[in-house]
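# sequence unknown, structure follows:
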Ligand code: C5P
């Protein structure tokens with residue numbers, strides 16, 4: 001029995017494939033998992049609460065405003081009591097609600113209120129799956145750390161062929177086992193601090209110094225560490241990417257605030273400094289908007305260096321995290337610069353990447369990195385930033401094992 005003692009909250013939304021949820025419950029129970037079902041109104045068109053209750057041997061929840069259910073177990077508690085939330089089948093509608101934070105029934109409210117890992121098994125018509133709206137919603141959800149199984153490709157109930165079929169119950173079970181097995185969460189019990197994004201250093205109340213960092217790589221690293229079981233504090237500068245799920249996020253603007261948030265978050269086992277921190281800030285930001293004066297010379301800005309967050313946290317001392325990872329984004333002499341950064345900042349590893357404009361890496365979706373440590377250099381191929389994050393998280397887990 002691979003899932004003894006584990007609790008799965010199974011959310012069944014309305015699709016022809018909802019009948020397969022019955023088989024999934026049977027497989028989960030066979031592996032020792034406790035299963036509690038939440039059924040949407042549309043889901044109830046396809047399976048009955050009675051059959052779910054009989055197979056799960058637990059009360060089935062369906063209504064948001066049920067007085068008896070709320071008095072026994074509130075909707076917040078319902079999600080907190082589970083180790084994993086599984087949405088199977090997940091219709092285009094519930095995925096859209098999740099991506100947009102809607103909470104208009106029990107299932108969507110539980111999904112919004114949870115701090116537990118979430119696995120979705122999409123099932124819908126092939127055109128609905130391929131629609132840019134659904135694909136954008138999936139990108140949002142996976143960016144927040146939601147795990148996905150399927151959909152499979154094949155003949156569909158609507159007489160069409162293509163991707164959209166619910167993954168088979170044994171495939172969903174395997175995904176659940178891998179998410180809940182201790183081997184898949186090697187960083188559980190560890191605390192990781194990750195910085196991400198640019199900083200904004202005010203010049204006056206309306207202007208600031210910034211850079212082109214999108215925060216994608218840092219946010220992906222935070223999500224990947226959380227997926228391996230770490231408790232993650234993400235300290236993020238101003239970005240347009242969503243907060244990853246299951247990660248506690250501190251939003252800051254300036255380098256000074258970022259350092260303060262990192263120091264407050266200590267102690268940590270792991271620290272990954274992926275933020276593109278501004279090297280300089282105004283000595284004194286103007287309190288009023290600096291005015292253009294006709295005929296006058298442009299103002300000269302007096303800059304002072306920002307604190308180096310990586311070097312400060314990596315300095316030897318009782319609170320130094322066991323593994324400190326810095327980044328080196330360079331346009332010239334990448335590896336030499338990264339190696340000297342490793343020593344100068346007392347980091348354990350430097351993730352070096354070439355950010356020359358021609359590479360499209362800064363702000364783009366892919367990254368080609370080299371991992372520099374005292375042991376040598378690992379050259380990784382061009383990978384999606386999510387993939388770089390997963391590999392880095394796995395390398396971190398191996399180093400701390
Ligand atoms: O010196 P440089 O900015 O190239 O160093 C890059 C590395 O140092 C990155 O990991 C970055 O997050 C970190 N850094 C920092 N605080 C700064 C400047 C850089 O943490 N003020």
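Thanks, I have the structure now. As the structure is a prediction and not an experimental result, all values here were calculated from the model.

# in three-state terms, label whichever residue of the stretch 51-200 of the chain sits closest to the ligand for me.
Using Cβ to the nearest ligand atom, residue 195 is the residue of the stretch 51-200 of the chain that sits closest to the ligand, at 5.7 Å. Every C-beta, even on glycine, is put in place using the N, C-alpha and C of the backbone. Using DSSP: H, G, I helix; E, B strand; the rest coil, the secondary structure recorded for residue 195 is strand.

# can you get me a residue count around it?
Using other Cβ atoms under 10 Å, residue 195 has 33 other residues around it.

# residues touching the residue lying closest to it once chain neighbours are set aside, list them.
Excluding its sequence neighbours, the residue lying closest to residue 195 (Cβ to Cβ, 6 or more residues apart in numbering) is residue 275, at 3.7 Å. Taking Cβ atoms under 8 Å, 6 or more residues apart in numbering, we find residue 275 in contact with 195-199, 213, 218, 235-237, 258, 309.

# ok, now with 7 Å
By Cβ atoms under 7 Å, 6 or more residues apart in numbering, the contact set of residue 275 is 195-197, 199, 218, 237, 258.

# what does the stretch 251-400 of the chain have sitting close to the ligand?
Within the stretch 251-400 of the chain, the positions lying close to the ligand (Cβ under 6 Å from any ligand atom) are 255, 273, 275, 277, 306, 308-310, 326-328, 341.

# one more pass at 8 Å, please.
Residues of the stretch 251-400 of the chain lying near the ligand by Cβ under 8 Å from any ligand atom: 255, 258-259, 273-279, 305-313, 325-330, 337, 341, 345, 347, 350-351.

# mind giving me the ChimeraX select for those residues, buried ones only?
The buried residues among these can be selected in ChimeraX (16 or more other Cβ atoms under 10 Å) with this line:
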select :255,258,259,273,274,275,276,277,278,306,308,309,310,311,313,325,326,327,328,329,330,337,341,345,347,350,351
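
# filter the residues of the stretch 251-400 of the chain next to the ligand down to the ones in strands?
273, 305, 325-330, 350-351 (DSSP state E).

# reformat those as TSV; add pLDDT.
TSV is the format used below for these (pLDDT from 0 to 100):
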residue	pLDDT
273	98
305	98
325	98
326	98
327	96
328	94
329	88
330	87
350	97
351	97
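
# quick one: those residues as CSV, columns for distance to residue 204 too.
Output for those, formatted as CSV (distance: Cβ to Cβ, whole Å):
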residue, distance to residue 204
273, 28
305, 20
325, 35
326, 31
327, 30
328, 32
329, 28
330, 31
350, 35
351, 35
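
# give me the neighbour count for residue 371.
With other Cβ under 10 Å as criterion, residue 371 counts 20.

# for it, which non-adjacent residue is closest in space?
The shortest distance from residue 371 to any non-neighbouring residue, by Cβ to Cβ, 6+ apart, is to residue 378 (4.3 Å).

# list the contacts of the one helix or strand that neighbour maps to.
For residue 378, the element it lies in under DSSP states H and E is strand 376-379. With contact meaning Cβ under 7 Å, 6+ apart, strand 376-379 is reached by 335, 370-371.

# from the residues you listed, which land in strands?
Using DSSP E, these in strands are 370-371.

# residue 389 and the ligand, how far apart?
Taking Cβ to the nearest ligand atom, to the nearest Å as the measure, residue 389 falls 15 Å from the ligand.

# my guess is that residue contacts residue 222. True?
No: applying Cβ atoms under 7 Å, one finds residue 389 not in contact with residue 222, separated by 8.2 Å.

# which of these two has more residues huddled nearby?
Taking other Cβ under 10 Å, residue 389 and residue 222 do not tie; residue 222 has more neighbours (33 against 27).
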